[in-house]
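1. 3D, please:
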Amino acid sequence: MLSTKDMSDGSGKIKPVISVGNQKLKINSITFDQTPYDEEAYNMVLHVESEPMKGSFQGFLVNKDDEKGSRYKGQVGRVRVSPYPFKDTTLPSGIEIKRDTEALKNLVFVAKTLGLRNELDVINAEDIFEFVESANGILSGNDIYINTCIAGREWENKEGYINYDLFLPRMSKDGIPLESLDVSSEESRLYTFDANKHVQKLKKKVIESFEPSKSNSGDDFDI
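-> Coordinates of the predicted model:
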């Protein structure tokens, strides 16, 4: 079956990065990264990889500083586990949100999807940073592929091409963003990707035009 969805614009080559959509991925690592705009807010990021690509595909270097080193066999990407960063805050409704609790809830969901909940529950850590580091050693790098629905926010690069800031859509009664490969199609609750629901479109800047004044006053601007 032929498809152009993984091709880079203009080159015809398969992109080395994943995009939005339903995909089968594995987790290479998990990080807890401080946001550049708020030192109290953190994103939990899944560093994922697709199944090995065929043909003339050339993946990114595993170590970008080693030009002769090994390359990823599949497409890779950084996917935030939540559309929003984790931070201690109080909602307008008065509900308190705790950064560490929300981060742990998401790790539990990932662990259950991978079938590694018992292994996660063994961890005892002094703080959330130590916990995520320990969880990374358990939940990643084990070549367990899972079904995913990847959402994203569009952004435009310097060349004018659209890229995506990737994240998992929030789970709800309508579905979940990650699911084990063992779940049957009849029992599946995985979101079916829908661009209208799962992509935040880039807002184009509107440039207003100014019509010449039709006044006979001779002034440059009419007030």
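2. Am I right that residue 45 sits in a helix?
-> No - inclusion of residue 45 in a helix is not indicated when DSSP: H, G, I helix; E, B strand; the rest coil is applied; the result is strand.
3. residue contacts, it?
-> Residues near residue 45 by Cβ atoms under 8 Å, 6 or more residues apart in numbering: 30, 31, 32, 33, 78, 79, 80, 81. C-beta: built from backbone N, CA, C; applies to glycine.
4. how near is it to residue 181?
-> Here the criterion is Cβ to Cβ, to the nearest Å. By it, residue 45 lies 22 Å from residue 181.
5. residues of whichever strand in the chain runs longest that come out buried?
-> Longest strand in the chain, counting residues (DSSP state E): strand 21-34. Burial within strand 21-34, assessed by neighbour count using 16 or more other Cβ atoms under 10 Å, is assigned to 21, 23, 25, 26, 27, 28, 30, 32.
6. Then stretch 109-117?
-> Across stretch 109-117, burial judged by 16+ other Cβ under 10 Å covers 109, 110, 111, 113, 114, 116.
7. Mind checking what secondary structure the first one has?
-> With three-state DSSP as the basis, the three-state label of residue 109 is helix.
8. wait, doesn't it sit right on residue 170?
-> No - taking contact to mean Cβ atoms under 8 Å, the distance of 10.9 Å between residue 109 and residue 170 leaves them out of contact.
9. Residue 103 falls within a helix, correct?
-> Yes - under three-state DSSP, residue 103 falls within a helix.
10. Now it. Nearest residue, chain neighbours left out?
-> Nearest-residue entry for residue 103: residue 86, 5.1 Å, with adjacent residues in sequence omitted and distances by Cβ to Cβ, 6 or more residues apart in numbering.
11. For beta bridges, what are the partners of the one you found?
-> Partner residues in beta bridges with residue 86, using DSSP bridges, are residue 42.
12. Now for it: which residues touch it?
-> Contacts of residue 86 were listed using Cβ under 8 Å, 6+ apart, and they are 41, 42, 43, 44, 99, 100, 102, 103.
13. Distance-wise, check it relative to residue 56.
-> With distances taken as Cβ to Cβ, residue 86 is found 40 Å from residue 56.
14. likewise residue 179?
-> For residue 179 relative to residue 56 (Cβ to Cβ), the value is 31 Å.
15. For the two, indicate the residue with more neighbours.
-> Between residue 179 and residue 56, residue 179 has the larger neighbour count (other Cβ atoms under 10 Å), namely 18 against 7.
16. quick one: that one is in a helix?
-> No - the assignment for residue 179 (three-state DSSP) gives strand, which keeps it out of a helix.
17. List the single closest residue to it in space, sequence neighbours excluded.
-> In space, and not counting its chain neighbours, residue 179 is closest to residue 190: 4.3 Å by Cβ to Cβ, 6+ apart.
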